[in-house]
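Colleague: Quick one: sequence plus predicted model below, questions after.
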Amino acid sequence: MSYELIDEMERLGTPRILVLGDLILDRYVWGDAERISQEAPVILLREDKQETRLGGAANVANMLRGLEAEVTLAGVVGNDPDGRMVASELALAGVDCSALVADDDRPTTCKVRFMGRAQHRHPHQMLRVDREVRHPITSDIAQKLLAAMLPRLHEFQAVLISDYAKGVCTSEVVQPLIAAARAAGLPVIVDPAAGGDYNLYRGATGVTPNRSETFKATGIEVRSIDAAYKAGNLLVEKFGLDMAFVTLDRDGIVLARGNDEPVHLPTRIREVYDVTGAGDMVLAMFGLGMAAGIEPTRLCRLANVAGGLEVEQVGVVRISRKEILTDLLHGSRRSQGKVCSVEELARHVSARRKAGQKVVLTNGCFDLLHVGHVSYLKEAAREGDCLIVAINSDDSVRRLNKAPDRPIFDQQYRAEMLAGLESVDYVVVFGEETPHAILRALQPDVLVKGGTYRDDEIVGREVVLEYGGRVKAMGMTPGVSTTEIVRRLRESETQSIAIPIPIPLPERRAA
């Protein structure tokens, strides 16, 4: 599945997304928690730095920018220094703030976290202080928000609503936005408020509640996957949604969709340092994927990766496409999905280059896969981070060998056999007699070839050197070749003899 997800990441483009919600300013005070205060039985934090980050809907917009989306943010800030700080940080992140509304009667929501290190080790949150009001925005402010959003819906490919229950996401704002966006054919994904009334989100494309939020909305305690299935189906049915993404922290995501059976998409166990911002990251990934038209089950897998990378960070940290691609590439060496078209493979090569990986390519007929092939493919894989094997099609094998009985195995069989090798990352079939077209399309960093060739005899050498790549001959395993094996097989048909094939044994170590 990682191969499919890599392909989806490479096709994301740069969609435009509208985000509505509660803006939050997060301040962090960092220091060493060295001793107990002499004034009271409390830990004394010796501050060494302060940091400001975006939170709430502002963080969702920031996360989307990290994922290379174009973002417009609609919300409310106070007419205060914190509000101006939020606007300034958003502008630095490249977020369009033209739909922000200033309210003289409420402060900008600000959360101050005190982060202490014990003996200079990993920091932990000691205390959080919030400055906020939660009463709903006035009708006048609500109308200003709608006027800033509705006429511009044609500019966007998706709408996200990030409800932190700070008073911005009222029915007067949310319901007209959902109705107008759905009428315009835009998906609307909502990260709901904890304990909120889900009638507020009626008609949205989907919601992304966690276990606790799901329980409060449905009355079903989500202690198992089956319970998540029931709760997800109830959310869809009760609130007129297309789907519900029930997020289950270490257990991944359950996707419920109307009449379809719910699906559980598990995630990889990770080292959790801080869950802050994970929900925002998941919402951002859902928004980006929906805008790009990614199928929901694949999107859930991508959201699992994005959220997992976020919890490995301390505090709210923007996750990039490159980091997601690197994580996907880390676990992609499985035979399923390895056989690609040239177009698919070009996208994967692009992803690997973004992750800083070196691409190696070798080519040949690989008619009878034998120990010589396996040995040299292992050696070839060590030349870089990714090994592509380009194999001749059946027609080109016949032309090269000038023999009607070759290849012995067809191209699909040969491709699947090679894909089963751990050292091989991709297999692609080409119909020409030379690999020149494949080399020009993929431009591998290294072209390798097994056999008795010298570097200057390798076909395609001039193409690789022209774009600055490297060419290397790998040699061969003595006494083992496809031609030799075929010759012995034919002899055995007439002579009924065993076919000894020399297999090099590992050298014995001295006792």
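Modeller: Nice, I can see it.
Colleague: Burial check on Ala303, number of neighbours?
Modeller: Neighbour count of Ala303, defined by other C-beta atoms under 10 Å: 26. C-beta here means a position set from N, CA and C on the backbone, and glycine is covered the same way.
Colleague: Wasn't it part of a helix?
Modeller: Yes: counting by DSSP: H, G, I helix; E, B strand; the rest coil, Ala303 is located in a helix.
Colleague: And it, what's its pLDDT?
Modeller: Ala303 carries a pLDDT score of 92 in this model.
Colleague: same check, this time on Ala118
Modeller: So, for Ala118, pLDDT stands at 84.
Colleague: Please give me every residue in contact with it.
Modeller: Applying C-beta atoms under 8 Å, 6 or more residues apart in numbering, we find Ala118 in contact with Asp32, Ala33, His124.
Colleague: shouldn't the last one be in contact with Met115?
Modeller: Yes: distance between His124 and Met115: 7.0 Å, which falls inside the contact criterion (C-beta atoms under 8 Å).
Colleague: More neighbours: those two, which one.
Modeller: Relative neighbour count places Met115 above the other of His124 and Met115, with 22 against 14, counting by other C-beta under 10 Å.
Colleague: Mind listing what's buried along the helix or strand containing Thr214?
Modeller: Take DSSP states H and E as the rule and Thr214 turns out to sit in helix 211-218. For helix 211-218, a neighbour-count test (16 or more other C-beta atoms under 10 Å) marks Arg211, Glu213, Thr214, Phe215, Lys216, Ala217, Thr218 as buried.
Colleague: For that helix, give me every contacting residue.
Modeller: Contact partners of helix 211-218, identified using C-beta under 8 Å, 6+ apart, comprise 192-196, 198, 209, 220-222, 228, 231-232, 234-235, 238, 246-249.
Colleague: 7 Å instead?
Modeller: Under the criterion C-beta atoms under 7 Å, 6 or more residues apart in numbering, residues 192, 194-195, 198, 209, 220-222, 231, 234-235, 246, 248 lie in contact with helix 211-218.
Colleague: What of stretch 79-96?
Modeller: For stretch 79-96, contacts defined as C-beta under 7 Å, 6+ apart pick out 23, 25, 52, 54, 58, 61-62, 65, 71-73, 77, 97, 100, 102, 104, 107-108, 110.
Colleague: okay, how far is it across stretch 180-188, tip to tip?
Modeller: In stretch 180-188, first residue to last residue: 10 Å (C-alpha to C-alpha, to the nearest Å).
Colleague: for stretch 235-255, that is, sorry about that
Modeller: Across stretch 235-255, the terminal residues are separated by 11 Å (C-alpha to C-alpha).
Colleague: For the stretch 401-511 of the chain, give me the ranges with low pLDDT.
Modeller: 402-403, 475-511 (pLDDT under 70).
Colleague: can you give me the helices for it?
Modeller: Remark: helices assigned in the stretch 401-511 of the chain by DSSP state H, counting those that start in this stretch are 411-419, 436-442, 461-466, 482-495.
Colleague: other SSEs contacting the shortest one?
Modeller: Read it as helix 461-466. With contacts defined as 3 or more C-beta pairs under 7 Å, 6 or more residues apart in numbering; DSSP states H and E, the packing partners of helix 461-466 are helix 436-442, strand 470-475.
Colleague: now it, how far from the centre of its chain.
Modeller: Helix 461-466 has its C-alpha centroid displaced from the chain centroid by 34 Å (C-alpha atoms, centre = their mean, to the nearest Å).
Colleague: could we number from 19 for the rest of this?
Modeller: Understood, numbering begins at 19; the last thing we discussed is helix 479-484.
Colleague: Next, the buried residues of that helix.
Modeller: Neighbour counts using 16+ other C-beta under 10 Å place Arg479, Val481, Val482 of helix 479-484 among the buried residues.
Colleague: ok, so of these, who is nearest Asn410?
Modeller: Using C-beta to C-beta, Val481 is the member of the buried residues of helix 479-484 that lies nearest Asn410, at 16.7 Å.
Colleague: Apart from its neighbours in sequence, what residue is nearest the closest one?
Modeller: Distances taken as C-beta to C-beta, 6 or more residues apart in numbering put Leu457 closest to Val481, at 4.5 Å, once the chain neighbours are dropped.
Colleague: Contact partners for that neighbour?
Modeller: By C-beta under 7 Å, 6+ apart, the contact set of Leu457 is Leu465, Gly478, Val481, Val482.
Colleague: Poorly predicted segments of the stretch 169-318 of the chain, please.
Modeller: 288-295.
Colleague: For it, which segments are assigned as helices?
Modeller: Along the stretch 169-318 of the chain, counting by DSSP H, counting those that start in this stretch, helices occupy 189-201, 229-236, 243-257, 296-310, 314-329.
Colleague: which of those helices is buried the deepest?
Modeller: Greatest average neighbour count among the helices of the stretch 169-318 of the chain goes to helix 296-310 (a mean of 27), per mean count of other C-beta atoms under 10 Å.
Colleague: quick one, it and helix 229-236 angle?
Modeller: Helix 296-310 runs at 70 degrees relative to helix 229-236, counting by axes from the mean of the first three to the mean of the last three C-alpha atoms, to 10 degrees.
Colleague: For helix 296-310, what is the distance to the chain centroid?
Modeller: 10 Å.
Colleague: Residues in contact with it: which ones?
Modeller: Identification of contacts with helix 296-310 by C-beta under 7 Å, 6+ apart yields 29-31, 33, 35, 77-78, 81-82, 85, 87, 175-176, 178, 180, 205, 207, 209, 226, 228, 263, 265, 317, 320-321, 324-325, 328-329, 337.
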